[in-house]
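Enquirer: This is the structure alone, sequence omitted:
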């Protein structure tokens, strides 16, 4: 197993979290609603980062199954925002080319979700899901429930901009420029 000594520092810098303060109490994993479905529980991911197991972490399914419900962070006695760490790890996995090894369709959904927010200032479900379906080639799963939701006007067909859409685009630009 190869260890990357800079991995911990990079994750801490990019996520803004102090992973060294994690003493493995396990409260994050005990509260995680999707923990039973992950290959590594949240506290194990933190330990692997601490040990520099970059490749194992970035190839894991766990980082893609995190739903960012914030239960782990709320339970953490050291106020570590594990959802922010998981988001950072997903970005790093995409940059390193590991994302398609793990959960290809989750990556596509994530990218379309972020693109929708970048364009509209909020998620526009119809365009996000339409583009996701086209890119993933998963055209017919959930088709009937999706049509029903659109007919009931639960998913608006025409997107609307929010008041602060320009500010949201500005945040994306600053973030993107910072990463370059």
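Expert: Done, it's in. Everything numeric here is computed off the predicted structure, so don't read it as measured data. Residues are numbered from 1 along each chain as shown.

Enquirer: now the chain, which segments are flagged as low pLDDT?
Expert: Low-confidence segments of the chain (pLDDT under 70): 1, 99-103, 176-180.

Enquirer: if we look at the helix ranked longest in the chain, which residues are touching it?
Expert: In the chain, with assignment by DSSP state H, the single longest helix is helix 104-120. With CB atoms under 8 Å, 6 or more residues apart in numbering as the test, helix 104-120 has contacts from 64-65, 90, 94, 99-100, 122-124, 127-129, 131-132, 135-136, 138, 159-162, 165, 168-169, 172. No exception for glycine: its C-beta is placed from N, CA and C like everyone else's.

Enquirer: Just the buried residues of these.
Expert: Among the contacts of helix 104-120, those buried by neighbour count (16 or more other CB atoms under 10 Å) are 64-65, 90, 99, 123-124, 127-129, 131-132, 136, 159, 165, 168.

Enquirer: of all these, which comes closest to residue 15?
Expert: For these, the minimum distance to residue 15 (CB to CB) is 11.1 Å, reached by residue 90.

Enquirer: The closest one: what's its closest spatial neighbour, skipping adjacent residues?
Expert: Once flanking residues are discounted, residue 90 sits nearest to residue 63: 5.5 Å by CB to CB, 6 or more residues apart in numbering.

Enquirer: With residue 125 instead?
Expert: The shortest distance from residue 125 to any non-neighbouring residue, by CB to CB, 6+ apart, is to residue 155 (4.7 Å).
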